[in-house]
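**Q** model the structure of this input:
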Amino acid sequence: RKLNKIGNNMLLIVCFLSKLIQWLENHFLVCPYKKLLGIDCPGCGMQRAFIELLKGNFWESFKTYPALGTTILLFVFLILHLIFKFNKGAKILIGIFVLNSFIVIFVFIFKLIS
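**A** Have a look, this model is predicted:
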């Protein structure tokens with residue numbers, strides 16, 4: 001009986017994720033930077049990478065937008081720090097932010113020159 005309840009909950013989660021992915025794919029935001037200038041902005045690819053991550057395609061997500069992992073880590077740690085007030089939380093947040101910024105800038109420059 002307990003396994004049946006777990007199975008039903010998993011089915012609900014899978015259905016929800018499926019509907020969420022479908023909705024996200026049908027409601028892509030247009031990048032005004034790319035539309036105006038014709039080149040990718042530093043955030044281009046994040047939506048596609050997030051959808052790939054939700055689908056469980058971790059490698060494809062990373063290839064699409066390498067900074068997504070550190071961006072998610074930054075927000076998750078920020079929320080946890082606001083709740084639990086970690087001793088060195090602010091310094092860790094700064095470190096994650098600097099790492100994330102470096103990845104975003106590096107990938108943006110790499111896309112421009114390739």
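
**Q** on contacts alone, who are the packing partners of the helix or strand hosting F110?
**A** If you go by DSSP states H and E, F110 is part of helix 89-113. In terms of contacts (3 or more Cβ pairs under 8 Å, 6 or more residues apart in numbering; DSSP states H and E), helix 89-113 is packed against helix 68-84. For glycine as for every other residue, the C-beta is placed from the backbone atoms N, C-alpha and C.

**Q** buried residues, the helix it packs on. List them.
**A** By neighbour count with 16 or more other Cβ atoms under 10 Å, helix 68-84 contains the buried residues L68, G69, T70, T71, L74, F77.

**Q** quick one: average confidence on that helix?
**A** Regarding helix 68-84, the rounded mean pLDDT is 97.

**Q** helix 89-113 and that helix, what's the angle between them?
**A** 160 degrees (axes from the mean of the first three to the mean of the last three Cα atoms, to 10 degrees).

**Q** contact partners of helix 68-84?
**A** Residues outside helix 68-84 that contact it (Cβ atoms under 8 Å, 6 or more residues apart in numbering) are 46, 49-50, 53, 61-62, 86, 89-90, 92-93, 96-97, 99-100, 103.

**Q** tell me which two in the buried residues of helix 68-84 are the farthest apart.
**A** Greatest spacing in these, by Cβ to Cβ: L68 and F77 (14.8 Å).

**Q** any idea which residue sits dead centre in this structure?
**A** Centroid-nearest residue in the chain: L68, 4.0 Å away (criterion: Cα atoms, centre = their mean).

**Q** how close does that one sit to L24?
**A** Distance of L68 to L24, computed by Cβ to Cβ, to the nearest Å: 14 Å.

**Q** next one: V104
**A** 21 Å.

**Q** when these two are compared, which one has more neighbours?
**A** Neighbour count, other Cβ atoms under 10 Å: between V104 and L24, V104 has more, with 18 against 15.
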